[in-house]
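J.: sequence first, predicted coordinates after that:
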Amino acid sequence: MSYQELAIDLLESRGVSLSSIAKIVYILQSVYYPALTEEECLSSVRAVLGKREVQYTLMTGIALDELAEQKLLPQPLQAVLEADESLYGVDETLALGITSVYGMIGLTGFGYLDKIKLGIIGGLNDDKDRIHVFLDDLVSGIAAAASARIAHRHEGAKVYPGPTGSNP
């Protein structure tokens, strides 16, 4: 099994489908690219998950969530994760590694998603039966990176206005 397949399996084992992430990407980018399809968004999510640093980040964050659910972390870390302490910040820091794969636009997208908790991100954040301290932010990071990837690859992203406002 490849690391990409492992990352996808880990997401699915925690209730996150690639399609649910692609829907978030579509919502973020379809405003700018009306011809965008959910299939293109899914392809972008898969591309992000193809990056080894993304795979390692997912493995790490999901392992910490699972260890917290099993009450296997040392105190006070166990209590911090159980409470999803707002000042913890390590979950966001880990996810920022994913967003940086496609530049600053990924960072701004992540901040937006972290604030509004769109789609599956809100479901993970609000789940009282499981601990998703890391996973909600990791999914936000993947969606933000996949969204930024689309923005960077879109034909319109390469057109800049000339000094008088006309295209060169």
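T.: Good, I have the coordinates.

J.: where along this structure do the helices fall?
T.: 3-13, 18-29, 38-49, 52-69, 77-83, 90-99, 104-116, 120-126, 135-153 (DSSP state H).

J.: so of these, which one's packed in deepest?
T.: helix 135-153 (a mean of 27; mean count of other CB atoms under 10 Å). For every residue, glycine as well, the C-beta is placed using N, CA and C.

J.: thinking again about what came up before, could I get the helices of the chain as TSV with mean pLDDT?
T.: Compiled in TSV, these are given as follows (pLDDT from 0 to 100):
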stretch	mean pLDDT
helix 3-13	98
helix 18-29	98
helix 38-49	98
helix 52-69	98
helix 77-83	97
helix 90-99	96
helix 104-116	95
helix 120-126	97
helix 135-153	96
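
J.: leaving aside the residues next to it on the chain, what's closest to D114?
T.: Closest residue to D114 apart from its sequence neighbours, by CB to CB, 6 or more residues apart in numbering: S140 at 5.4 Å.

J.: wait, what's in contact with the one you found?
T.: Neighbouring residues of S140 by CB atoms under 8 Å, 6 or more residues apart in numbering: 95, 110, 113-114, 121.

J.: list just the nearest of these to Q29.
T.: The closest of the contacts of S140 to Q29 turns out to be L113 (CB to CB; 12.5 Å).

J.: from I105, how far out is the nearest residue to R52 once chain neighbours are set aside?
T.: Excluding the flanking residues, the one nearest R52 by CB to CB, 6+ apart is Y3, at 6.4 Å. Separation of Y3 from I105 (CB to CB, to the nearest Å) stands at 25 Å.

J.: swap in S86?
T.: 26 Å.

J.: how about S20?
T.: Counting by CB to CB - S20 and I105 are separated by 21 Å.

J.: please apply the same query to L94.
T.: Distance from L94 to I105, by CB to CB: 19 Å.

J.: give the contact list for R130.
T.: 14, 65, 69.

J.: quick check: the second one touching F134?
T.: Yes - at 5.1 Å, D65 counts as touching F134 under the criterion of CB atoms under 8 Å.

J.: what's the spacing between stretch 99-109 and its chain's center?
T.: With CA atoms, centre = their mean, to the nearest Å as the basis, stretch 99-109 stands 10 Å off its chain's centre.

J.: first-to-last residue distance for that stretch?
T.: End-to-end span of stretch 99-109 (CA to CA, to the nearest Å): 8 Å.

J.: which residues are contacting that stretch?
T.: 28, 48, 51, 53-54, 96, 98, 110, 141, 143-145, 147-149, 151-152.

J.: can you do 6 Å?
T.: 51, 110, 141, 144-145, 147-149, 151 (CB atoms under 6 Å, 6 or more residues apart in numbering).
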